[in-house]
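> would you be able to build a 3D model of this:
(2 chains)
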Amino acid sequence: MAKTKSLLASDRPLTIEETYNARPRLWWLYTLIVLIVAALLSWSGSSITYKGLATKGMTIAQGIGNGLLHPDTNLLFNLTPEGVPYQLLQTVAIAVLGTLIGGILAIPFSFLACDKIVPKWVAVVFQAIILGIRTIPSLVWALVWIRVTGPNAFCGVVTESVCSIGMICKMYITAIEDIDTRILESLDASGCNGFQKIRYGILPQIIPNFISTVIYRFDINVKDATTLGIVGAGGIGAALIQCMNSSRWSMVGAYLTGMIVLMIFIELFSTKVRSKLARG
Amino acid sequence: MKKKAAEAAVKTPLFDRIFKPRTVTLPNGHTVQRPISRTPFIAVLVVAVILISAKVTGFDFNIIVRRFNQLGYILGRIFHPNWSYFRGIWNEADHANTVKLFNALFDTIKMSIMGSVIGATLALPIAVLSSTNINKNGVVVWFLRIVLMVIRTLPTLIIAKFAALIFGLGTFAGTMAIIVFTFGIVAKMMYESIETIDMGAFEATESFGANKFQAFWSACMPQILPTYLSYCLYSLEMNIRAAAILGYVGAGGLGILINEFIGWRDYESLGAVLLALFVVVFIIENTSQYLRKKLS
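Residues are numbered from 1 along each chain as shown, chains lettered A, B, ... in the order given. Below is the predicted model of the structure:
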């Protein structure tokens, strides 16, 4: 150690070999990480045991493969409410309304949970509420709301609105914290009133961020909405799980194909819009 | 001249060709073109989408207003958790309940740790192979990216359901589902960040005579390792929450208890399960965020 220090302190540029000898040595950190991971793995491995395939495991795997390769085209292009297109439309509709309402509800929450704006203790209380909302899984939220709305697509909308709040708030808060307040000072200096300061100083800074967040969450919500059907909250999930339970693999294939195409389409759309928003 | 005009026409967006920009003459005699605002069109589109969605989902705000008290019924019971699930730690009488809850909780944690580690390990080589700056073979890159995209579109619960059907009920199926899910997401985030690294060191190492693997190992690994570890921790955070509901389709962990208590309408016990989950998620998120801050 003393040797490297004296070398670094000298005025002449270091030779390659000296620089190489003075390189940071983090082997103890790597060893520690490897040891911790190994310990965690051996602890986790203790209760996860491979008990072989289920009795019909192989047939089911084959069925899934066959179904995906030969989807039920009748169902795939059927325009009645049982058909794939309508189910997908409903799923997207749930996600659209859920994300929108969640995005609006998140605005007051995120301002109240931002400790730059409100007193510290208020911020902490609201942060705890947001974490609580986020921890309850969406399936449980759906079951709670079913009591209010009944088992239909509307339940999915309310569930998605509540579930979205958590993550949207987290990203809104970062956007609010990043606001450049010096702009407000200069607007003040040029004689703007309070409304004008918000309109020209704050909104242009946060709106692209907020819209980008909402579109990102929309992407997640569509994926979430496909599973809400499992508990009866509308969307494609109900039909999909029923077909899986009764081993109608070609129908499963049709629903999955529809879902995959829809999700890829939405992901491309959301990436494109968000990169446009980021570049202005 | 003609060619230039054609080029200009290609560059004007379709919107501006349909709705011609207004020409404004400035006081100094110059003219500028002011495109028509797009806001009204976007607004009309958004309103139309909202109306269609409301129609399809049967949106009715009255129902919420009328039956809102029903929400308080279940939530109220969830917020009065059944403490016997925690009392067993010091009280013999409630021992069975506590063991049941903590076994499920540890199963969930184990599933997510195992799944995250294996999934993230598998993701690294695939991410390297699907980043355009290292793998010059376009066909392989696009093939891998399409596969990753398809994997990412499948919801975790559906993967878990498939796994439970194939491997039988239990934690193994859940671990498989988490491996697939983590693999898809970490591989995507990794190839995106591998593409942003500085390739100068890679080329320099290659010019010394190192082969591609050696060059990657000594020039690129140090650059991507912190990001990689940070993504691993991030996926662990997500997986804990995802693993908690996998049991709903029979893949082990807390989800089994959640399913059971909802079936019995035992919302106080459900509250205990959710409280345990809340504490674990809180601890793991904070630890992981602290570590990620250290890494960056």
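
> who in the stretch 51-200 of chain A is up against chain B?
Within the stretch 51-200 of chain A, the positions adjacent to chain B are A:51-55, A:57, A:60-61, A:64, A:89-90, A:92-94, A:96-97, A:100, A:131-132, A:134-140, A:143-145, A:147-150, A:152-154, A:156-158 by Cβ under 8 Å from any Cβ of the partner chain. Every C-beta, even on glycine, is put in place using the N, C-alpha and C of the backbone.

> from these, list the buried ones, please.
A:54, A:60-61, A:64, A:89-90, A:92-94, A:96-97, A:100, A:131, A:134-140, A:143-145, A:148-149, A:152-154, A:156-158 (16 or more other Cβ atoms under 10 Å in any protein chain shown).

> in strands only, show me those.
The strands, defined by DSSP state E, take in nothing from those.

> give me the subset of the residues you listed lying in helices.
Members of these lying in helices (criterion: DSSP state H): A:60-61, A:64, A:89-90, A:92-94, A:96-97, A:100, A:131, A:134-135, A:138-140, A:143-145, A:148-149, A:153-154, A:156-158.

> list the residues that contact B:Ile179.
B:Ile179 makes contact with B:Gly115, B:Ile118, B:Gly119, B:Leu122, according to Cβ atoms under 8 Å, 6 or more residues apart in numbering or on different chains.

> try it again at 6 Å.
B:Gly115, B:Ile118, B:Gly119 (Cβ atoms under 6 Å, 6 or more residues apart in numbering or on different chains).

> could you dump those to a markdown table with distance to B:Leu101 and pLDDT?
Formatted as a markdown table, the contacts of B:Ile179 follow (distance: Cβ to Cβ, whole Å; pLDDT from 0 to 100):
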| residue | distance to B:Leu101 | pLDDT |
| --- | --- | --- |
| B:Gly115 | 21 | 92 |
| B:Ile118 | 26 | 93 |
| B:Gly119 | 27 | 94 |
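
> kindly indicate the member of those with the most neighbours.
In terms of neighbour count, B:Gly115 stands highest of the contacts of B:Ile179 at 29 neighbours, by other Cβ atoms under 10 Å in any protein chain shown.

> following element in sequence after the helix or strand containing it, please.
Applying DSSP states H and E as the criterion places B:Gly115 in helix B:95-129. Sequence-wise, the next helix or strand downstream of helix B:95-129 (DSSP H and E) is helix B:138-153.

> can I get that following helix in CSV, CA atoms only?
The C-alpha trace of helix B:138-153 is given here as CSV (Å, rounded to 0.1, in the frame of the first residue of the first chain):
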residue,chain,number,x,y,z
GLY,B,138,-28.0,-9.8,-37.5
VAL,B,139,-30.1,-12.9,-37.9
VAL,B,140,-29.2,-14.3,-34.5
VAL,B,141,-29.7,-10.9,-32.8
TRP,B,142,-33.2,-10.5,-34.2
PHE,B,143,-34.2,-14.1,-33.6
LEU,B,144,-33.2,-13.8,-29.9
ARG,B,145,-34.9,-10.4,-29.5
ILE,B,146,-38.2,-11.8,-30.9
VAL,B,147,-38.0,-14.8,-28.6
LEU,B,148,-37.3,-12.5,-25.6
MET,B,149,-40.2,-10.2,-26.6
VAL,B,150,-42.6,-13.2,-26.8
ILE,B,151,-41.4,-14.4,-23.4
ARG,B,152,-42.0,-10.9,-21.9
THR,B,153,-45.6,-10.7,-23.2
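
> got the angle between the helix or strand containing B:Leu165 and helix B:138-153?
Element membership of B:Leu165, judged by DSSP H and E, is helix B:156-167. Put simply, helix B:156-167 runs at 100 degrees to helix B:138-153, going by axes from the mean of the first three to the mean of the last three Cα atoms, to 10 degrees.

> up against chain A, what does chain B have?
B:53, B:56-59, B:63, B:67, B:70-71, B:74, B:107, B:110, B:113-114, B:117, B:149-150, B:153, B:155, B:157, B:161, B:165-166, B:168, B:171-172, B:175, B:244-245, B:248, B:262, B:274, B:278, B:281 (Cβ under 6 Å from any Cβ of the partner chain).

> which of those residues are buried?
B:53, B:56-59, B:63, B:70-71, B:74, B:107, B:110, B:113-114, B:117, B:149, B:153, B:155, B:157, B:161, B:165-166, B:168, B:171-172, B:175, B:244-245, B:248, B:262, B:274, B:278, B:281.
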